[in-house]
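[1] What shape does this take:
(2 chains)
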Number of protein chains: 2
Amino acid sequence: MTPQVPTPAYRRLSVEERRGQLLDAALALFAHRSPEEVSLDDVAEHAGVSRPLVYRYFPGGKQQLYEAALRSAADELRLCFDEPREGPLLVRLTRALDRYLAFVDEHDTGFSALLRGGSVAETSRTSAIVDGVRRAAAEHIMNHLDVNDPGPRLRMTIRMWITAVEASSLIWLDEEKQPPLEEMRDWLVEQFVAVLSVTGRRDPQTGALVEAFAADV
Amino acid sequence: MTPQVPTPAYRRLSVEERRGQLLDAALALFAHRSPEEVSLDDVAEHAGVSRPLVYRYFPGGKQQLYEAALRSAADELRLCFDEPREGPLLVRLTRALDRYLAFVDEHDTGFSALLRGGSVAETSRTSAIVDGVRRAAAEHIMNHLDVNDPGPRLRMTIRMWITAVEASSLIWLDEEKQPPLEEMRDWLVEQFVAVLSVTGRRDPQTGALVEAFAADV
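    Below you'll find the predicted structure:
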């Protein structure tokens, strides 16, 4: 029998691993509490490390950690939109919304603290990160719609729907996640078709897309 | 001929008049610049008074003045929603949106700075003022719809549409106020009918309202 090696209090991690571990701890805390309610001590405790170690990786303290956690959440959110360009468009949208709503469900408090604004941790940098996710969502949709040169009316409608999705996700969290996720998802897909149909009545580019959905079932 | 009385440098105003004058000056500046770009000196100069006088009325400095100006803008915005309960519902909505879009047009930069967030002047108090306007808009709509006890699906749809109106107003400002105000207004009314119609397919309360619009033209 080989002798059992005792687990060291601090397992040796590479710099990148350690950074990832601290970010995961931060994300887990920021997901369920507002930034005001999370201290560096909490993050150190959650990661099972000392406070000075957290400072070594994030010398800017809580604000830097918050922004890094936010950036990592934004990357995760972008992955939700990554959908192969195969099959009917509304089926692809349904799958992307499924992943998005699962993210909202998992990061509830952090998601709403961020989007509601008014947090002391909110800066023009954090707003830029959130705007980047919105832009990525709009680009993904245009890409799936096969539109290279969206006119202003189509652009406005897509951006408006993206904001509507955000807003209804926040309301969904307020309403204790009712209606159930699947109903929310289908309702958001139907809203997508409806808002584009309204624009399609005035705008030929959008009108052609709406006709294409109807054919592509 | 009566001798011309020279205009005094500081006209004697009542406390309330003076406060109103300073707020008007602040609103005019905050409407077209972000809070970061407005100084108390600018407000004093715009109102034609000294900086100490501004401090006498707003001892909390710029933040206090900003919040007071915001509150006054919020009151003005609420007035936009004040619409007599007469005539077809969509005509009332059209009139309210006409006033709202005129407000957005007039307060462009301040409106977008506030709603975009990430401003140093943004606090949980300013967010609460903005949320209060959203809530007032939702209440006005429920009132015009004659709904006393809105279910969660109707509530979510109305709040989602209100956010969509805000978002598209911001995009409208980004797009140099294109399409023209009248087209924006009619498009938003059509979006209102469309998003409620989608919800109406699942929710009998909303379904009954949509039928009522269709009949009430």
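
[2] What residues of the helix-or-strand element of chain A with minimal mean pLDDT count as buried?
    Scoring the helices and strands of chain A by mean pLDDT, DSSP states H and E places helix A:108-116 at the bottom, with a mean of 75. Within helix A:108-116, the residues that count as buried by 16 or more other CB atoms under 10 Å in any protein chain shown are A:108, A:110-114. Backbone N, C-alpha and C define where each C-beta goes, glycine included.

[3] Residue A:20: neighbour count?
    Neighbours of residue A:20 under the rule other CB atoms under 10 Å in any protein chain shown: 13.

[4] Check which helix or strand it maps to.
    helix A:15-32 (DSSP states H and E).

[5] Check which element follows that helix along the chain.
    Using DSSP H and E, the helix or strand that follows helix A:15-32 in sequence is helix A:40-47.

[6] Distance from that next one to the middle of the chain?
    23 Å (CA atoms, centre = their mean, to the nearest Å).

[7] Quick one: work out the angle between it and helix A:15-32.
    Relative orientation of helix A:40-47 and helix A:15-32, computed by axes from the mean of the first three to the mean of the last three CA atoms, to 10 degrees: 110 degrees.

[8] Show me what helix A:40-47 is packed against.
    With contacts taken as 3 or more CB pairs under 8 Å, 6 or more residues apart in numbering or on different chains; DSSP states H and E, helix A:40-47 sits against helix A:15-32, helix A:51-57, helix A:61-80.

[9] pLDDT of it, averaged?
    Per-residue pLDDT over helix A:40-47 has a mean of 94.

[10] Could I get the buried residue list for that helix?
    So helix A:40-47, judged by 16+ other CB under 10 Å, has buried residues A:40, A:42-44, A:46-47.

[11] longest helix anywhere in chain A?
    Using DSSP state H to define each element, chain A has its longest helix at helix A:152-174.

[12] near chain B, anything from that helix?
    Yes: using CB under 8 Å from any CB of the partner chain, a contact is recorded between helix A:152-174 and chain B, made by A:152-153, A:155-156, A:159-161, A:163-164, A:166-168, A:171-172.

[13] can you give me the mean pLDDT across the next helix or strand after that helix?
    Per DSSP H and E, helix A:152-174 leads on to helix A:181-200 as the next helix or strand towards the C-terminus. Averaging pLDDT along helix A:181-200 gives 97.

[14] gap between the next helix or strand along the chain from helix A:181-200 and the chain center?
    Where DSSP H and E defines the elements, the next helix or strand beyond helix A:181-200 is helix A:204-215. Chain-centre distance of helix A:204-215: 28 Å, with CA atoms, centre = their mean.

[15] same question, stretch A:172-189
    Taking the mean C-alpha point of stretch A:172-189 and that of its whole chain, the gap between them comes to 16 Å (CA atoms, centre = their mean).

[16] Look up how far residue A:29 lies from the residue nearest to the spatial centre of chain A.
    The centre of chain A sits closest to residue A:77, judged by CA atoms, centre = their mean, with a distance of 3.4 Å. Counting by CB to CB, to the nearest Å, the separation of residue A:77 from residue A:29 is 18 Å.

[17] quick one: which of the buried residues of helix A:40-47 is nearest chain B?
    residue A:42 (21.0 Å; CB to the nearest CB).

[18] Nothing else from me, thank you.
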